[in-house]
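*Asks:* Attaching a predicted model along with its sequence, questions to come.
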Amino acid sequence: MIGKKNKTLGEFIIENQSSFQYSSGELSKLINAIRLGAKVVNHEVNKAGLVDILGTAGDTNIQGENQQKLDVLANEKFIQTLTNREIVCGIASEEEDDFISINSNDEQHQNKYVVLIDPLDGSSNIDVNVSVGTIFSIYRRITPVGTPVTLEDFLQPGKNQVAAGYIIYGTSTMLVYTTGDGVNGFTLNPAIGTFYLSHPDMRFPESGKIYSVNEGNYIHFPQGVKDYIKYCQKEEGDRPYTSRYIGSLVSDFHRNMIKGGIYMYPKSNLASNGKLRLLYECNPMAFLAQQANGKASDGSTPIMELQPTELHQRVPFFCGSPKMVEKVEEFISKY
């Protein structure tokens with residue numbers, strides 16, 4: 001059920017709780033915890049340039065990438081918020097080497113959910129004041145309740161997700177999420193710190209005129225992807241398409257969902273499995289796309305059908321308007 005646009009996120013969660021198959025209230029509390037974390041991180045992001053939180057932190061994460069100061073801060077804030085609320089049994093973050101087990105020594109611990117999170121997607125853009133975001137994914141644990149979580153709880157295929165979403169910190173701050181019953185977007189009113197339903201029932205157009213890919217890597221792409229890019233650029237019918245690439249997955253996905261388009265991060269000679277992480281970026285975005293009339297695949301297999309084998313696994317990623325994803329898959333299949 002979609003309510004009026006002046007509805008708050010809290011009111012929306014309560015009213016729609018019954019449509020979720022596990023309506024015990026725990027998931028609602030979890031979304032509320034993420035909402036709180038989003039407000040804290042939004043406050044810090046908006047201070048960038050005024051306090052010493054720009055630039056690199058001097059460390060690298062598990063993927064060997066330089067961590068930005070805001071990466072570290074956002075990671076700490078979300079883990080702190082989720083842990084303090086005592087509503088999850090485990091957290092996995094793109095910025096952590098391993099998953100975090102919460103209250104694992106408490107035999108009575110009854111929490112059923114694990115959260116996987118990219119605390120600050122596109123953080124390399126923060127120094128130049130370009131939109132960044134947070135991506136989250138929620139699963140029900142599969143090991144027995146009351147025992148410590150294991151790696152098995154996190155290495156679940158995307159089709160097992162019970163909720164996913166992102167927060168975009170841009171000209172306005174938005175929280176967009178799904179629990180498997182459509183996608184809704186909420187915009188933060190900074191004056192009172194409340195999220196309001198601003199984008200009910202978000203959906204990808206069947207097709208679009210935007211393609212988002214780092215064309216600087218064109219020479220390294222597989223031939224099928226090169227052919228599709230040339231197809232996008234060819235003057236014929238409703239083409240050429242417009243190239244738009246921000247370099248922040250949340251921002252590119254958000255724009256393409258509203259306007260119609262495709263986001264691509266293929267494998268290449270530089271990155272044999274692509275660059276994006278299956279668990280922290282691709283699965284949650286694929287769930288959102290599926291719930292918003294879109295598609296997501298690795299070029300041949302639906303993203304949410306892939307069985308993860310490691311916590312920081314990378315996969316190629318094609319996501320967006322369904323007809324555009326089908327077209328790039330058609331080109332890739334020729335090779």
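*Replies:* Alright, I've got the coordinates.

*Asks:* What residues are recorded as beta-bridge partners of the spatially most central residue of the chain?
*Replies:* Against the mean C-alpha coordinate of the chain, by Cα atoms, centre = their mean, the closest residue is I135 at 3.4 Å. I135 has the following beta-bridge partners by DSSP bridges: D118, Y166.

*Asks:* That one is in contact with L249, isn't it?
*Replies:* Yes - under the criterion of Cβ atoms under 8 Å, I135 makes contact with L249 at 7.3 Å. Placement of C-beta: from N, CA and C, glycine included.

*Asks:* OK, contacts around the residue nearest to the centre of the chain?
*Replies:* I117, D118, D121, A164, G165, Y166, L249, V250, Y280, E281, P284, M285 (Cβ atoms under 8 Å, 6 or more residues apart in numbering).

*Asks:* before we move on, what about S268?
*Replies:* Contacts of S268 by Cβ under 8 Å, 6+ apart are N217, H220, F221, P222, G274.

*Asks:* Could you rerun that using 7 Å?
*Replies:* Contacts for S268 were tallied using Cβ atoms under 7 Å, 6 or more residues apart in numbering; they are N217, H220, F221.

*Asks:* where does the first one land in three-state SS?
*Replies:* Just to be clear, that refers to N217. helix (DSSP: H, G, I helix; E, B strand; the rest coil).

*Asks:* ok, which stretches of this protein are helices?
*Replies:* 9-16, 26-45, 69-84, 151-154, 223-233, 249-259, 283-291, 322-333 (DSSP state H).

*Asks:* tell me the most buried of these?
*Replies:* helix 283-291 (a mean of 27; mean count of other Cβ atoms under 10 Å).

*Asks:* what stretches of the chain score poorly on pLDDT?
*Replies:* By pLDDT under 70, the weakly predicted segments of the chain are 1-5, 19-24, 48-68, 104-109.

*Asks:* Which parts of it belong to which domain?
*Replies:* 9-199, 210-333 (automatic domain parsing).

*Asks:* Find me whatever residue is spatially closest to Y245, sequence neighbours aside.
*Replies:* With sequence-adjacent residues excluded and distances taken as Cβ to Cβ, 6 or more residues apart in numbering, Y245 is closest to S212, at 4.8 Å.

*Asks:* what about that neighbour, how many residues close to it?
*Replies:* S212 has 24 neighbours, counted by other Cβ atoms under 10 Å.

*Asks:* doesn't G261 make contact with it?
*Replies:* Yes - in terms of Cβ atoms under 7 Å, S212 counts as a neighbour of G261; the distance is 6.3 Å.

*Asks:* Show the contacting residues for the closest residue to L188 other than its chain neighbours.
*Replies:* Using Cβ to Cβ, 6+ apart and skipping the chain neighbours, the partner closest in space to L188 is T173 (4.1 Å). Each residue near T173 by Cβ under 7 Å, 6+ apart is listed here: N42, I167, L188.

*Asks:* Out of those, which comes closest to G10?
*Replies:* L188 (12.8 Å; Cβ to Cβ).

*Asks:* what residues are up against the spatially closest residue to S297 that is not a sequence neighbour?
*Replies:* Distance criterion Cβ to Cβ, 6+ apart; nearest residue to S297, sequence neighbours excluded, is F318 at 5.5 Å. Residues in contact with F318 (Cβ under 7 Å, 6+ apart) are I262, M264, A296, S297, G299, V325, V328.

*Asks:* I'd like to know how far F318 sits from A289.
*Replies:* Distance, F318 to A289, by Cβ to Cβ, to the nearest Å: 10 Å.

*Asks:* which of the contacts of S268 count as buried?
*Replies:* When the contacts of S268 are checked for burial by 16 or more other Cβ atoms under 10 Å, the buried set is N217, F221.

*Asks:* Any idea how many residues pack against R239?
*Replies:* Neighbour tally, R239, other Cβ under 10 Å: 12.

*Asks:* same deal with G146?
*Replies:* If we define neighbours as other Cβ under 10 Å, then G146 has 13 of them.

*Asks:* again, but for N46
*Replies:* 12.

*Asks:* Okay, the residue lying closest to it once chain neighbours are set aside and K275: tell me how far apart.
*Replies:* Leaving aside its sequence neighbours, N46 sits nearest to Y169 (Cβ to Cβ, 6+ apart; 7.8 Å). Here the criterion is Cβ to Cβ. By it, Y169 lies 21 Å from K275.

*Asks:* between these two, who's got more neighbours?
*Replies:* Each of Y169 and K275 has its neighbours counted (other Cβ under 10 Å); Y169 has more, 28 against 20.

*Asks:* pretty sure the more buried one is in contact with G133, am I right?
*Replies:* Yes - when contacts are counted by Cβ under 7 Å, Y169 is listed as touching G133 (6.3 Å).

*Asks:* The nearest residue to G208 once chain neighbours are set aside: neighbour count?
*Replies:* Distances taken as Cβ to Cβ, 6+ apart put G260 closest to G208, at 2.4 Å, once the chain neighbours are dropped. By the criterion of other Cβ under 10 Å, G260 has 21 neighbours.
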